[in-house]
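In: sequence and predicted structure, then a few things I'm wondering about:
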Amino acid sequence: MTYEQIVAVLGYAGSHERAVRIVTADRQEVRGIPTTVDSHVAAHEVYLHPLGDESIEIAMSLGSIREVELL
């Protein structure tokens, strides 16, 4: 996926409270609901709640994401 596609899917999922499956460059998978997508060069991150635990919010570098799909 292109960077633009990744940001678009994450942005859509976040605005519609939809879960996503993220695959990173090292083939790790994370499933969660995006809360914030910050594509500004100074941040370059997505924040999300992992599925099953909304008390936790994790941050991931947008540069480490290779694929995103809606669940």
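Out: Structure's in. What do you need? Values in this document were obtained by computation on a predicted structure and should not be read as measured data.

In: need the longest strand for the protein.
Out: Taking residue count as the measure and DSSP state E as the definition, the longest strand of the chain comes out as strand 29-38.

In: strands of this protein, start to end?
Out: Across the chain, reading from the start of the chain, the strands by DSSP E fall at 20-24, 29-38, 45-50, 58-61, 65-70.

In: and of these, who's closest to residue 14?
Out: In this view, the strands of the chain are compared for proximity to residue 14 by Cβ to Cβ, and strand 29-38 is the closest at 3.7 Å. Every C-beta, even on glycine, is put in place using the N, C-alpha and C of the backbone.

In: does anything pack onto the closest one? Which helices or strands?
Out: In terms of contacts (3 or more Cβ pairs under 8 Å, 6 or more residues apart in numbering; DSSP states H and E), strand 29-38 is packed against helix 3-15, strand 20-24, strand 45-50, strand 58-61.

In: thinking again about what came up before, now the strands of the chain in a markdown table, with mean pLDDT, distance to residue 1 and mean neighbour count?
Out: Converted to a markdown table, the strands of the chain look like this (pLDDT from 0 to 100; distance: least, Cβ to Cβ, whole Å; neighbours: other Cβ atoms under 10 Å):
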| stretch | mean pLDDT | distance to residue 1 | mean neighbour count |
| --- | --- | --- | --- |
| strand 20-24 | 98 | 9 | 18 |
| strand 29-38 | 95 | 14 | 17 |
| strand 45-50 | 95 | 14 | 20 |
| strand 58-61 | 95 | 15 | 14 |
| strand 65-70 | 97 | 5 | 16 |
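
In: how close does residue 5 sit to residue 49?
Out: Counting by Cβ to Cβ, to the nearest Å, the gap from residue 5 to residue 49 is 22 Å.

In: show me what contacts residue 5?
Out: Residue 5 makes contacts with residue 68, as judged by Cβ atoms under 8 Å, 6 or more residues apart in numbering.

In: my bad, residue 69
Out: Contacts here follow Cβ under 8 Å, 6+ apart; on that basis residue 69 touches 9, 20-21.

In: mind redoing it with 7 Å?
Out: Residue 69 makes contacts with 20-21, as judged by Cβ atoms under 7 Å, 6 or more residues apart in numbering.

In: what is the burial count for residue 25?
Out: 11 (other Cβ atoms under 10 Å).
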